[in-house]
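Novice: Okay, sequence plus prediction incoming.
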Amino acid sequence: MRATPEMITAQFELADQLLEGRGRMFEPQDLPGRYGRVVKALDHLLEVVGCEAVVGGGWAVWRHGFHGRLTQDIDIALAADRVDEFLRAASVGGFDVLPQQPGRWPKVLHRETGIKVDLLPEGQRLGTPAHPAPTTLPHPSAVGARGHVLRYMTLAALIELKLGAGRGRDESDVIELIRANPEQITELRQHLAAVHADYAVAFDRLAERARDQRDE
């Protein structure tokens, strides 16, 4: 999609709102404007379905300290056995269920705001066919979900999923998250080593790059 002057202006306005509110926007429900409205609509669906979910992706990166990170979509992790029911509720609850491409995960579009919501189903594998992640997506309750309202994914789980995805953008996010949370490096590495040794190796490499950038 080609950026229009209106889209660029909206992004600058959003960046200003986030910069001003970063000291008080601690939950997804605190997000400004249309993003906050989508979160509230998703909370309604979670209540109707009776399931829990967490926000991952770019918004979780922003929440955990990389305040320069902006994103257009919202990523939410759902339990595998609740995805179909969630999609049915979404289709009559203000969202359009978008056609699912082969090998892709479900997406819905919030009709009022035009914001896409990407679903991250438990048990799916990140990465690419050539370089799949060594683990699969965990249950939302294991990565920060509480009750039938959206919460942010924990920092440790977010970095785990970023390492599993393995794209250049994801590695850049991990570097920025390490720089924003230096006091948690030991704890984060312990978590990753307990999940899979490959994640600990990748984390050490990116932590070294984060230190190099800090020293420049």
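Specialist: Yes, it's here. Numbers count the residues shown, from 1 in each chain.
Novice: any idea how far G57 is from A90?
Specialist: 18 Å (C-beta to C-beta, to the nearest Å). Every C-beta, even on glycine, is put in place using the N, C-alpha and C of the backbone.
Novice: got it, and V201?
Specialist: V201 is 39 Å from A90, by C-beta to C-beta.
Novice: Of these two, which one has the most company?
Specialist: A90 (23 against 12; other C-beta atoms under 10 Å).
Novice: is it true that the more buried one lies in a strand?
Specialist: No. Secondary structure of A90 (DSSP: H, G, I helix; E, B strand; the rest coil): helix, not part of a strand.
Novice: How about it, nearest residue that isn't a chain neighbour?
Specialist: V108 (4.9 Å; C-beta to C-beta, 6 or more residues apart in numbering).
Novice: looking at it, that neighbour is touching L98, isn't it?
Specialist: Yes. Counting by C-beta atoms under 8 Å, V108 touches L98, with 6.4 Å between them.
Novice: my guess is R179 meets D212, correct?
Specialist: No. Using C-beta under 8 Å, R179 is not in contact with D212; the gap is 10.8 Å.
Novice: Settle it for me: which of these two has more neighbours?
Specialist: R179 (16 against 10).
Novice: Pull the contacting residues for that one.
Specialist: A210, Q213, R214 (C-beta atoms under 8 Å, 6 or more residues apart in numbering).
Novice: among those, who's most crowded?
Specialist: Neighbour counts for the contacts of R179, by other C-beta under 10 Å, peak at A210, which reaches 19 neighbours.
Novice: and the longest helix along the chain, which residues are buried?
Specialist: Criterion DSSP state H: the longest helix present in the chain is helix 197-215. Residues D198, Y199, A200, A202, F203, L206, A207, A210 are the ones in helix 197-215 that count as buried (16 or more other C-beta atoms under 10 Å).
Novice: Stretch 82-96 too?
Specialist: Buried, per 16+ other C-beta under 10 Å, within stretch 82-96: R82, V83, E85, F86, L87, A89, A90, G93, G94, F95.
Novice: same check, this time on stretch 145-159
Specialist: For stretch 145-159, by 16+ other C-beta under 10 Å, it's 145, 148-159.
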